[in-house]
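>>> predicted coordinates and the sequence they were generated for:
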Protein chains: 2
Amino acid sequence: MALPHRLSFLKRASLTRHLMAQKLFKIMEDKKTNLSLALDVTSQNQLLEMADELGSELCVLKTHVDILRDFTSDFGSKLRKIADKHRFLIFEDRKFADIGQTVSLQYKEGIYRIADWADIINAHVIPGPGIIEGLKGSNLLLLAEMSSSGTLAKGAYTKKAVAMGEAHADTVMGFISLQRLSELPGMIHFTPGVKLKSGKDPLGQRYRTVDEILTKNQSDIIIVGRDITHAKHPKTQAALYREKAWSAYVQTIA
Amino acid sequence: MALPHRLSFLKRASLTRHLMAQKLFKIMEDKKTNLSLALDVTSQNQLLEMADELGSELCVLKTHVDILRDFTSDFGSKLRKIADKHRFLIFEDRKFADIGQTVSLQYKEGIYRIADWADIINAHVIPGPGIIEGLKGSNLLLLAEMSSSGTLAKGAYTKKAVAMGEAHADTVMGFISLQRLSELPGMIHFTPGVKLKSGKDPLGQRYRTVDEILTKNQSDIIIVGRDITHAKHPKTQAALYREKAWSAYVQTIA
């Protein structure tokens, strides 16, 4: 099926009332980057250092706060300063997956206090719409598809995730997916599992190329992890991904 | 469809090679309890106090470590002492839901170090079998069904979750479900959302009765939360649930 013509991020910013989606569209256009970095390190200090080193290349920094061995309660405020300096958004990839009452506590309470510092969070739709109600007031991505082998997030499941997101467009600002799934201009598609070459890791993660995801599948943002963080020269590698991703985007809206 | 005759927990202990499943079956028979308490409080001290107060009634204590405001690194060892004193297992209801590489870090790393103190953990199957590989060495429950309204964990999804669990019976020891789903004797079924009266909460959680879950649906363990923790006399209420649940179990194996 041929998708309708693709609108620019700037145009889409004007067509949504979701404030965080608007903000992200503008950051992308201003900085000319649709690259999100998955900073999956287990040291908070290393995370903050790399965020500062690579921040200029990113629209979104993706974190897993719960793998940091040396987490301290000033993590959020320290990361916020770096985010403001380089103008990127902070996306805590918590993958909330419980009933509304519980995710509400997990988001706001506990020692991580994710609600205090994360611009964007995400959630699985498996518990039903109550999970979105429980995260009301956040800026939420729903997991509609996953990049891992044998995932059950496909077909009817994916369709239900998209419908649930579109029905809650005050909270939901997009999807984790392998492709463009929603025609609502404010819905932003993030795709993980992207590398320069396609392939697979020993625990079932599958990798796809930038062109496959952004040109063929018309997703909006690529999420790249180890291929940047474990590169010899992370900054050069991040710049390369940024350039590739941005030119793929520009070509599809031409 | 009529299910085969139900075996006693003691018999099932002899029919599984999963050590934690054996241990749980024996605790249940010895203490005569198939009650699990969901201790969803946001204070670590309150959690530890209530665990000590109610521990004698329980086979399993269910925690959400990430909602504790005052978490300290000795939480695990303190809870372990109480668990050993009253002989119950600790089930951290983390609902892991990411790719194998990430859940492995979330389970072992970070400041919670769940692997160090939780006897049992759980995971969604949505990412595919890589999530079970990533949690190898743990004692894992898979979420095959949920108690919340509009959940997508049903039908074909539930069947795939059961198949995935049965194919990894070295790690997986059971399911979160609304009913008995697997005929493998070592697979233990835990059901949340149980109250004395059926009903619904404002964020979509649905409640079912003890008899519906244990007698009609032939689940093994009921998980009860607010109806005990928020009762005027939590200990009396826990004893009541324990008695109701145990007599429902005894009747079905008679």
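Received it, and whenever you're ready, just let me know what you need. Since the model is a prediction, treat every value here as computed from it, not as a measurement.
>>> please count neighbours and contacts with C-alpha atoms only from this point.
OK.
>>> flag every buried residue along stretch A:60-79.
A:60-69, A:71, A:75-76, A:79 (16 or more other C-alpha atoms under 10 Å in any protein chain shown).
>>> do the host helix or strand of A:E133 and chain B meet?
Using DSSP states H and E, A:E133 sits in helix A:130-134. Yes. With C-alpha under 8 Å from any C-alpha of the partner chain as the criterion, chain B is reached by helix A:130-134 at A:130-131, A:133-134.
>>> how far out from the middle of the chain is that helix?
19 Å (C-alpha atoms, centre = their mean, to the nearest Å).
>>> near chain B, which residues of the stretch 101-250 of chain A are found?
Near chain B, when you scan the stretch 101-250 of chain A using C-alpha under 8 Å from any C-alpha, you find A:101, A:105-106, A:109-112, A:125-131, A:133-134, A:146, A:148-153, A:157, A:203-205.
>>> which among those end up buried?
The buried subset of these (16+ other C-alpha under 10 Å) comprises A:101, A:105-106, A:109-112, A:125-131, A:133-134, A:146, A:148-153, A:157, A:203-205.
>>> now, these that are in strands?
Applying DSSP state E to these, no entry is found in strands.
>>> and the strands in the stretch 51-200 of chain A?
Along the stretch 51-200 of chain A, counting by DSSP state E, counting those that start in this stretch, strands occupy A:60-63, A:89-96, A:120-123, A:140-143, A:172-176, A:188-191, A:199-200.
>>> so which of the ones you listed is the most surrounded?
strand A:172-176 (a mean of 28; mean count of other C-alpha atoms under 10 Å in any protein chain shown).
>>> state which helix of chain A is the longest.
With secondary structure taken from DSSP state H, chain A has its longest helix at helix A:234-253.
>>> by contact count, what packs against that helix?
Using 3 or more C-alpha pairs under 8 Å, 6 or more residues apart in numbering or on different chains; DSSP states H and E, the elements in contact with helix A:234-253 are strand A:35-38, helix A:44-54, helix A:210-211, helix A:226-229.
>>> how about A:T229, what does it touch?
Contacts for A:T229 (C-alpha atoms under 8 Å, 6 or more residues apart in numbering or on different chains) come out as A:L39.
>>> same check, this time on A:W117
Counted by C-alpha under 8 Å, 6+ apart, A:W117 has contacts A:76-77, A:80, A:90.
>>> before we move on, the earlier item: pull the residues that contact the longest helix of chain A.
A:5-8, A:32-35, A:53-54, A:57-58, A:210-211, A:214-215, A:218, A:220-222, A:227-228, A:231.
>>> could you give me the buried positions within that helix?
Neighbour-count burial for helix A:234-253 [16+ other C-alpha under 10 Å]: A:234-235, A:237-239, A:241-249.
>>> I'd like the distance between the residue nearest the centre of chain A and A:R206.
Nearest residue to the geometric centre of chain A (C-alpha atoms, centre = their mean): A:F190, 4.9 Å. From A:F190 over to A:R206 the distance is 15 Å, taken as C-alpha to C-alpha, to the nearest Å.
>>> circling back to that earlier point, out of the contacts of helix A:234-253, which are buried?
Applying the neighbour count, that is 16+ other C-alpha under 10 Å, the buried entries in those are A:8, A:32-35, A:54, A:57-58, A:210-211, A:214-215, A:218, A:220-222, A:227-228.
>>> about what we covered before: among the buried residues of stretch A:60-79, which pair sits farthest apart?
Farthest apart among the buried residues of stretch A:60-79 by C-alpha to C-alpha are A:V60 and A:R69. That separation is 22.6 Å.
>>> please consider this matter closed, and thank you.
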